[in-house]
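Student: Sequence first, then the predicted structure:
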Amino acid sequence: MQKHVENNFPDTFERRSTGTKARQTDRADDWNYLDDQLGDSQRWSTWLATEKLMRGPLPYPEFVIEDAGAIDTELGVLKTGKEADVFLIERATSEQHALLAAKRYRSPEQRTFNRSSTYTQGRSVKRSRDARALKNGSAYGRLVEASRWANAEWQHMRLCFEAGAPVPYPVQILGTEILMEFIEDPEAPGAAAPRLQHVRPDAERLGHYWQQIVEAMKVFARLGYAHGDLSPYNVLAAGERLVVIDLPQFVDMTENERGVGFLQRDCQNMCAWFQSRGLDVDADELLAELIAEAW
């Protein structure tokens, strides 16, 4: 279940932003500024710790702050899941601030990948040591698996964004943390956009949503992939715009023998939701369209 930041978020955000600016102003006059002056929920921006391939596609959007003096402040939890949690982060300098979503894959002791083998069929592991560790399920193997899924989501998000699919802009990845565009609810500034499952659009917007989701699935298919876990719970409704999230299990339809089966399930999940809202759509017809795009 998605957990939104408290209703007083705008006040909290303003207070913390002001505090960040004040601290940075002080630091500008004091080169002996110590890291322990940061709050418990703060850290220096990790932007400079990332290499170019660990950053999003060029050109960077305006909300990407490259300043080495920026401070990241954790504002709350946006979503909890079996494999990862998503936090709301403010990255700010004395002159700029931006909200980001930080998806953090859990440590090996806190999570399991019960279904991973069905999604990762056809994915190769380059290092023999890593392959052995994954096979025997050691502590190192579980760490490799966590990093593997974070890296997979990062690569898929970059690929899809560059292909024009409606996914969050991937800002950076460091270890098992992915920073990405925060998808805001335009009708409630400061709050996350609701999942598609929780909205009831009028007939006109419903039709517009259908066109968007079909086009998104066509982009995935042209890239050779099925989302693999597409449902109204993995789509955000930001006003008139839909954004597809949760991409770590993207299924290669050529390499994975169950790829078309995953695509069929994606079609059934999405069509069932649109049918429940009164739109006459057919999952088999959608599947046929997507297969034609893929091959």
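Tutor: Arrived safely, thanks for sending.
Student: Where does residue 275 sit, in terms of helix or strand?
Tutor: Element membership for residue 275, per DSSP states H and E: helix 259-276.
Student: Give me the helices and strands touching that helix, please.
Tutor: Contact analysis of helix 259-276 by 3 or more C-beta pairs under 8 Å, 6 or more residues apart in numbering; DSSP states H and E lists helix 203-222, strand 225-226, strand 251-252, helix 283-294 as its packing neighbours. Bear in mind the C-beta positions are built from the backbone N, C-alpha and C, glycine included.
Student: Can you tell me what sits against that helix?
Tutor: 119, 196-197, 206, 209-210, 213, 217, 221, 226-232, 251-253, 256, 281-284, 286-287, 290-291 (C-beta atoms under 8 Å, 6 or more residues apart in numbering).
Student: redo that, cut-off 7 Å
Tutor: Helix 259-276 is contacted by residues 196, 210, 213, 217, 226-228, 230-232, 251-253, 281-283, 286-287, 290 when judged by C-beta atoms under 7 Å, 6 or more residues apart in numbering.
Student: how is this protein carved up into domains?
Tutor: The record assigns the chain these domain ranges, following automatic domain parsing: 9-181, 196-294.
Student: for the ones you listed, which one ends up most surrounded?
Tutor: Comparing those by mean neighbour count (mean count of other C-beta atoms under 10 Å), domain 196-294 ranks first with a mean of 18.
Student: Which parts of the stretch 51-200 of the chain are strands?
Tutor: Applying DSSP state E, counting those that start in this stretch to the stretch 51-200 of the chain gives strands spanning 71-80, 84-92, 97-105, 170-174, 177-181.
Student: Turn the ones you listed into CSV, columns for distance to residue 162 and mean pLDDT.
Tutor: Below are the strands of the stretch 51-200 of the chain laid out as CSV (distance: least, C-beta to C-beta, whole Å; pLDDT from 0 to 100):
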stretch, distance to residue 162, mean pLDDT
strand 71-80, 25, 95
strand 84-92, 22, 96
strand 97-105, 19, 96
strand 170-174, 10, 97
strand 177-181, 14, 97
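Student: Could you provide the ones you listed in JSON lines, with additional columns for distance to residue 38?
Tutor: Output for those, formatted as JSON lines (distance: least, C-beta to C-beta, whole Å):
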{"stretch": "strand 71-80", "distance to residue 38": "7"}
{"stretch": "strand 84-92", "distance to residue 38": "12"}
{"stretch": "strand 97-105", "distance to residue 38": "16"}
{"stretch": "strand 170-174", "distance to residue 38": "18"}
{"stretch": "strand 177-181", "distance to residue 38": "17"}
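Student: Out of these, flag the one nearest residue 39.
Tutor: Evaluated with C-beta to C-beta, the strands of the stretch 51-200 of the chain place strand 71-80 nearest to residue 39, the distance being 7.3 Å.
Student: Bridged to residue 92, which residues?
Tutor: Judged by DSSP bridges, the bridge partners of residue 92 are residue 71, residue 97.
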